[in-house]
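**Q** coords below, sequence missing:
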């Protein structure tokens, strides 16, 4: 069974703990590992309370798989953490904390090493770069064995010499002059992956930048973004299907 991996970062306890309100809707029986990534005591307390309550409720459904909460010794970047987990070799699903599940997704199966929501290329006003396509890390299914086979079949895998060290496929990177590869985008660029269908995308909602909206909103000049997040906290059902509006935003940014 695939393990669910959650990295907790950011300063807003509501965004950091949101996913645990519905995680057992999406993954009713999967083992869950939560990483507290150098967060404040307020965030730590909120996450632990929600996560423990979540699994106490799941016991009623005969969930036998454990919840593990880990404190990291230092603050990791998202990509560094993902690479660390993938190298363990177990099939996993990476899940962001600003997620709301409305249907079970635990049993989805794919024939590729990567699967999830495909984000297109778009001109990003925050990074001031052309963001490259990727399978979004908010809900990213990774089969390390399949990924290794797909990776080995590329010319890139055999390009290493001591004069040409390979890049980290999981970490974010800016390639001059203005191409931005967000977390795991280089992995997708190299091997591809399976995009989720519209029906699958309707099984959950993702706030986008829930843990860092205060930094993002002024940069993209979107006064409604923070209000949208407040609406999600007050009434999660009110943002059902928000991926469609998000896709419209990506398409409006141009390339």
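**A** Nice, thanks for sending it over. Source: prediction; values computed, not measured.
**Q** for the closest residue to residue 128 other than its chain neighbours, what are its contacts?
**A** Spatial nearest neighbour of residue 128, excluding adjacent residues (CB to CB, 6 or more residues apart in numbering): residue 178 at 7.1 Å. The C-beta positions use only the backbone N, C-alpha and C, and glycine is treated the same way. Contact partners of residue 178, counting by CB atoms under 8 Å, 6 or more residues apart in numbering, are 128, 129, 130.
**Q** in what helix or strand does the last one lie?
**A** This points to residue 130. Using DSSP states H and E, residue 130 maps to strand 129-131.
**Q** how distant is that strand from the center of its chain?
**A** With CA atoms, centre = their mean, to the nearest Å as the basis, strand 129-131 stands 19 Å off its chain's centre.
**Q** and what of stretch 171-183?
**A** Taking CA atoms, centre = their mean, the mean C-alpha location of stretch 171-183 is offset from the chain mean by 17 Å.
**Q** what mean pLDDT does that stretch get?
**A** For stretch 171-183, the mean pLDDT works out to 95.
**Q** didn't residue 201 look like it was pressed against residue 243?
**A** Yes - the criterion here is CB atoms under 8 Å, and residue 201 meets it with residue 243 at 4.9 Å.
**Q** tell me where the model's unsure across the chain.
**A** Along the chain, the model assigns pLDDT under 70 to residues 57-65, 73, 209-223, 255.
**Q** direction included, what does the longest strand belonging to it pair up with?
**A** When the chain is parsed with DSSP state E, its longest strand is strand 134-142. If you go by DSSP bridges, strand 134-142 pairs up with strand 92-95 (antiparallel), strand 114-119 (antiparallel).
**Q** show me what the following helix or strand past that strand is packed up against.
**A** Downstream of strand 134-142, the first helix or strand assigned by DSSP H and E is helix 144-152. Packing partners of helix 144-152 (3 or more CB pairs under 8 Å, 6 or more residues apart in numbering; DSSP states H and E): helix 185-191.
**Q** in the helix it packs on, what's buried?
**A** By 16 or more other CB atoms under 10 Å, the buried positions in helix 185-191 come out as 185, 186, 187, 188, 190, 191.
**Q** once you drop chain neighbours, what's closest to residue 55?
**A** Nearest to residue 55 is residue 67, by CB to CB, 6+ apart, at 4.4 Å.
**Q** for that neighbour, name its beta-bridge partners.
**A** The partner residues for residue 67, given DSSP bridges, come to residue 32.
**Q** how about it, what does it touch?
**A** 31, 32, 33, 34, 51, 52, 54, 55 are the contacts of residue 67 under CB under 8 Å, 6+ apart.
**Q** tell me the two of these that are most distant?
**A** Distance extremes for the contacts of residue 67: the farthest pair is 31 and 52 at 15.0 Å, using CB to CB.
**Q** out of the two, which sits in the busier spot?
**A** In terms of neighbours (other CB atoms under 10 Å), residue 31 is the more surrounded of residue 31 and residue 52; the figures are 18 against 13.
**Q** residue contacts, that one?
**A** 1, 3, 4, 65, 66, 67, 68.
**Q** ok, so of these, who is nearest residue 76?
**A** residue 68 (16.5 Å).
**Q** from the chain's centre, how far out does stretch 115-133 sit?
**A** 14 Å.
**Q** what's in contact with it?
**A** By CB under 8 Å, 6+ apart, the surrounding residues in contact with stretch 115-133 are 108, 134-141, 174, 178-182, 185, 188-189, 193-196, 201, 206, 216, 219-221, 243, 247, 250-251, 253-255.
**Q** now the buried members of the residues you listed.
**A** Here, 16+ other CB under 10 Å leaves 108, 134-141, 180-182, 185, 188, 193-196, 201, 206, 216, 243, 247, 250 buried among the contacts of stretch 115-133.
**Q** the helix or strand encompassing residue 35 packs against which elements?
**A** Assigned by DSSP H and E, residue 35 belongs to strand 32-36. Judged by 3+ CB pairs under 8 Å, 6+ apart, strand 32-36 is in contact with strand 3-8, helix 41-58, strand 67-71.
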